[in-house]
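sequence unknown, structure follows:
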């Protein structure tokens, strides 16, 4: 089954802005944040924000005491704003800028003596706000037939709900011009351009596929309209809020399925729908390709590829530091490197499983279905690490004991609730950006120092610190790539990564600077550092291939979607393979030559 995802699916600018404002305010030290009505028409987003302390005020409700109140993306009537301000509440304007433009148009033409005709859905939150701005000179129409019932007026200004159907608006516009021929008629097509594109793309996509899935709230007007447009094309259409509502039996004979989503549907919900359909397709048709994808999913969910990347980087570390190879050093160090990252990634995901639900349906379902077995695998791996270290040498044992304890405690509560006034965070994971930082440190410490435990003296050399920094940078850049992919879900779920704190643009710019700086330092160090062997110099220079790959991969992420999480993970881990090849090839040539 081929799945085609609409480019316009998901949050529009106005919805994203309102959600970002709610998230940012929920992180501030205020006790409570309220929204005037549901922030957006998406139950999953509203529930997630509610869990973070954002309370929805239904019609007629208000806070018991002066509070911060966020106006939702749909906007509210001016009288509502005035009432809340008079009662001492601080209003935060989350109204979509496109909606605010319609407000200004209404105010402008109402002041000039025009009656305001609004095309829209009666009772819709945005329309209620528009009617509030139009006041007694406002008239709501939903269809061309309703134009005939409008009162006779000399001056008419036609505006629209920003998410209204463009075809219906054009038909109403034509009727208005005919009905008020010879009068002053101003037509303002205030349908959002993003809505226009979304509707056009939905219509085009529906004509290319065997079935359509429209994802979004059942009370979302723009999502309902997308479902109507898709169905009107004659294509079997399902409107669902989550992947669980999909009727898979109706998709059994479909070779292509199109997916679009309303402007208030978060990306992580769309991602889960895509994953769910991919899992269904793989299980329904046991072809070689689907079996391969299933195996790929399992390997990625088990963190096998990233663990293999660690093995490769262990070999790289030994070569760059000039540590002599032996069977014991190569076998034991590789096994420990693999088992450590295999177990730690697994352990920390299992101990906080709900935090990964926005990262992909396959991983979330896999961990839920095999939780006990996976815990057993993680514990067995940890035991294997410590046993190997104990058998090999004391230095390796104590290093791995420290790393396993540090890695395992990441999600555990360390600070008792009674001491919270003295300490801001209860666990390491609560510290902003801590996950990426600690993961990179674990990579750097293990891979830089484990090879040296096989030497007679554990004393680190300058090359050890160079490898430490090199591995740290690569591991941190890898984490940032995943954070860039998951920024929308991370913000909603409350994960404070560097990307969610400083923004996508700044992180991308910072990555470019880091990659450039590292390239210069690696090249200069390879040439200028004394006492480096020829093999080490060549190996260091060839490490630049990984940085070049990371630069282009990060850029490609902007304009190209990689819908399958497993494929994305494989591509994200490729720099470790490039580093391994860059170190092994010159070492192999040297070994053969001697």
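Arrived safely, thanks for sending. Quantities reported herein were computed from a predicted structural model and do not represent experimental measurements. Numbering: from 1, shown residues only.

quick one: contacts of the lowest-mean-pLDDT helix or strand in the chain?
Within the chain, confidence by mean pLDDT, DSSP states H and E is lowest for helix 487-493 among all helices and strands, at a mean of 74. Here helix 487-493 makes contact (C-beta atoms under 8 Å, 6 or more residues apart in numbering) with 10-11, 16, 19-20, 23, 45, 48-49, 266-268, 271, 355, 357-359, 483, 497, 499-500, 504. C-betas here are computed from N, CA, C, even on glycine.

any chance you could map the strands in the stretch 51-200 of the chain?
Secondary structure of the stretch 51-200 of the chain (DSSP state E, counting those that start in this stretch): strands at 54-57, 68-71, 90-93, 115-119, 138-141, 155-160, 184-187.

Buried residues of the third one, list them for me.
Neighbour-count burial for strand 90-93, with 16 or more other C-beta atoms under 10 Å as criterion, is recorded at 91, 92.

cool, the fifth one as well?
If you call a residue buried by 16+ other C-beta under 10 Å, then strand 138-141 has these buried ones: 138, 139, 140, 141.

In contact with the first one: list those residues for me.
Residue 138 is in contact with 106, 115, 116, 117, 118, 130, 131, counting by C-beta under 8 Å, 6+ apart.

about what we covered before: reformat the strands of the stretch 51-200 of the chain into CSV and put distance to residue 313 next to each item.
Output for the strands of the stretch 51-200 of the chain, formatted as CSV (distance: least, C-beta to C-beta, whole Å):
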stretch, distance to residue 313
strand 54-57, 42
strand 68-71, 46
strand 90-93, 47
strand 115-119, 60
strand 138-141, 64
strand 155-160, 57
strand 184-187, 63
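
which stretches of the stretch 251-400 of the chain form helices?
Per DSSP state H, counting those that start in this stretch, the stretch 251-400 of the chain carries helices over the ranges 267-284, 288-301, 304-321, 327-350, 361-369, 371-392, 394-408.

just the stretch 101-250 of the chain next, same as before
For the stretch 101-250 of the chain, the helices defined by DSSP H, counting those that start in this stretch occupy 125-134, 166-179, 193-206, 221-232.

Quick one: list the elements packing against the shortest one.
Using 3 or more C-beta pairs under 8 Å, 6 or more residues apart in numbering; DSSP states H and E as the contact definition, the elements that helix 125-134 packs against are helix 78-86, helix 97-111, strand 115-119, strand 138-141.

tell me the angle the longest one makes with helix 125-134.
Going back to what we said before, that points to helix 97-111. Angle, helix 97-111 to helix 125-134, by axes from the mean of the first three to the mean of the last three C-alpha atoms, to 10 degrees: 30 degrees.

gap between helix 97-111 and the chain center?
Distance of helix 97-111 from the chain centroid (C-alpha atoms, centre = their mean, to the nearest Å) equals 34 Å.

Could you tell me the end-to-end distance of stretch 362-379?
Its start and end residues considered, stretch 362-379 measures 23 Å (C-alpha to C-alpha, to the nearest Å).

List the contacts of it.
Outside stretch 362-379, the residues that touch it by C-beta under 8 Å, 6+ apart are 272, 275, 278-279, 297-298, 300-302, 343, 346-347, 349-350, 353, 356-357, 565-566.

what do you get if the cut-off is 7 Å, keeping everything else the same?
Residues outside stretch 362-379 that contact it (C-beta atoms under 7 Å, 6 or more residues apart in numbering): 275, 279, 297, 301, 343, 346-347, 349-350, 353, 356-357, 565.

so which of the contacts of residue 138 is the most crowded?
Most neighbours among the contacts of residue 138, by other C-beta atoms under 10 Å: residue 130, with 29 neighbours.

burial measure for residue 328, as a count.
For residue 328, using other C-beta under 10 Å, the count is 11.
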